[in-house]
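Chemist: need a structure here:
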Amino acid sequence: MPGLLIGSVLVAMACLPGCTTVSGSGRSQVNLYSPEQDASIGQQAWAEVLSDPAVLRSGPAVERVKEVGDRIVAAASRLHPEVSRGFVWDFAVIDDPDQINAFALPGGKFAVYTGMLDFTAGDDDMLAAVLGHEAAHVTSRHGTERLTQVTITGAGMSATRAFVLGDLDPADRDLVIRAIGAGANIGVLLPFSRAHESEADVLGLMIAADAGYRPRAALRLWRKMGERGGAQAPEFISTHPSYRTRLDLLERSMPAALRLYESSGRGTSPGPGRTGG
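Modeler: Numbers count the residues shown, from 1 in each chain. As a prediction, this is how the structure comes out:
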């Protein structure tokens, strides 16, 4: 009987239209989950993130992420009000200097490793490019779009069942964590698709620009990533398209981002932690 109930629920879910449009890009997206479910799913994984003893509770790194993150969240909410209306945004800093990485969870959660903060040290515009990219994954709802994909193909049936019934066993948990793009500290990182990454690049560039951070910092970020190269390349770049492909896309998007930056009136002059360009 439970199996029949679960099967009925999944069939009903699959029969929903599930077709939405990604805010900002206009791309058609099949997503069986609502923005409210994004928030619920993300919160479950976020509780695990916050339980990690490596999460910093205070200090300069936390203050830096909060300062930049608050501006990024405000911009994401301005540019994508409909989708982000029910999100409760939050950030975490994970103390791991070897991880040059960041990740986002559905519903407005994202985390940054101290390795990324060291990598962007002295350049908050560059950090804003990273956080804008992660915020764009959230507003584009890439995590639950991918969870929908694995559900439709059958690989995510048990995970979907667990969420429907609120009974998440370890195997289901790992699949969901990987599907929604959480960091390596709570599951094996499964890269978003190149289409998702390119979409987050462009939309994240606009979010950072609207927040008053210099758009060209995104070019500095990815050039610096590319310079690392080889086996020493940051984890953040290994889960994305080639940095040359990324730079070409960002260059093409730069005129629109610069116009948004100038029209926002939120830019600030270079100072401590900020660089020009």
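
Chemist: Low-confidence ranges, this structure, go.
Modeler: Applying pLDDT under 70 to the chain picks out residues 1-18, 151-192, 229-241, 268-277.

Chemist: please redo it, this time with the cut-off set to 50
Modeler: Confidence mapping of the chain against pLDDT under 50 gives the ranges 1-16, 155, 163-165, 183-191, 269-277.

Chemist: can you give me the strands in it?
Modeler: Taking DSSP state E as the criterion, the chain contains strands spanning 19-21, 28-30, 55-56, 90-94, 102-105, 109-113.

Chemist: Which helix runs longest in this protein?
Modeler: The single longest helix within the chain, with elements called by DSSP state H, is helix 243-264.

Chemist: For residue 146, which of the strands of the chain is the nearest?
Modeler: strand 28-30 (10.5 Å; C-beta to C-beta). (Glycine included, C-beta is placed from N, CA and C.)

Chemist: Give the buried residues for that closest one.
Modeler: Neighbour-count burial for strand 28-30 flags residue 29 (criterion: 16 or more other C-beta atoms under 10 Å).

Chemist: For that strand, what is the distance to the chain centroid?
Modeler: 18 Å (C-alpha atoms, centre = their mean, to the nearest Å).

Chemist: do the same with stretch 80-96
Modeler: Taking C-alpha atoms, centre = their mean, the mean C-alpha location of stretch 80-96 is offset from the chain mean by 9 Å.

Chemist: tell me how far the ends of that stretch are from each other?
Modeler: Using C-alpha to C-alpha, to the nearest Å, the end-to-end distance of stretch 80-96 comes to 32 Å.

Chemist: coming back round to it: helices or strands next to the longest helix of the chain in the packing?
Modeler: Where contact means 3 or more C-beta pairs under 8 Å, 6 or more residues apart in numbering; DSSP states H and E, helix 243-264 is packed against helix 194-210, helix 217-228.

Chemist: now the ones you listed as TSV including mean neighbour count and distance to residue 80?
Modeler: Formatted as TSV, these follow (neighbours: other C-beta atoms under 10 Å; distance: least, C-beta to C-beta, whole Å):
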stretch	mean neighbour count	distance to residue 80
helix 194-210	24	8
helix 217-228	19	18
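
Chemist: ok so, going back, want to try TSV for the strands of the chain, with distance to residue 68 as columns?
Modeler: Output for these, formatted as TSV (distance: least, C-beta to C-beta, whole Å):
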stretch	distance to residue 68
strand 19-21	29
strand 28-30	28
strand 55-56	15
strand 90-94	9
strand 102-105	12
strand 109-113	9
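
Chemist: Between those strands, which one is closest to residue 46.
Modeler: Per C-beta to C-beta, nearest to residue 46 of the strands of the chain: strand 109-113, 4.5 Å.

Chemist: show me what contacts residue 66?
Modeler: Shown in contact with residue 66 (C-beta atoms under 8 Å, 6 or more residues apart in numbering): residue 91.

Chemist: mind checking how far it is from residue 91?
Modeler: Using C-beta to C-beta, to the nearest Å, residue 66 is found at 6 Å from residue 91.

Chemist: same deal with residue 122?
Modeler: Remark: distance between residue 122 and residue 91 (C-beta to C-beta) = 20 Å.

Chemist: again, but for residue 208
Modeler: Taking C-beta to C-beta as the measure, residue 208 falls 15 Å from residue 91.

Chemist: cool, and residue 51?
Modeler: The spacing between residue 51 and residue 91, counted by C-beta to C-beta, is 16 Å.

Chemist: Just want to know which of the two has more residues nearby.
Modeler: residue 91 (20 against 9; other C-beta atoms under 10 Å).

Chemist: Leaving out the residues flanking it, which one is nearest to the more buried one?
Modeler: Spatial nearest neighbour of residue 91, excluding adjacent residues (C-beta to C-beta, 6 or more residues apart in numbering): residue 69 at 4.5 Å.

Chemist: how about the one you found, what does it touch?
Modeler: Contacts for residue 69 (C-beta under 8 Å, 6+ apart) come out as 89, 91, 110, 131.

Chemist: want to throw these into TSV with distance to residue 216?
Modeler: Putting the contacts of residue 69 into TSV (distance: C-beta to C-beta, whole Å) gives the following:
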residue	distance to residue 216
89	26
91	24
110	23
131	16
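
Chemist: out of those residues, which is most surrounded?
Modeler: residue 131 (30 neighbours).

Chemist: Great, nothing more from me.
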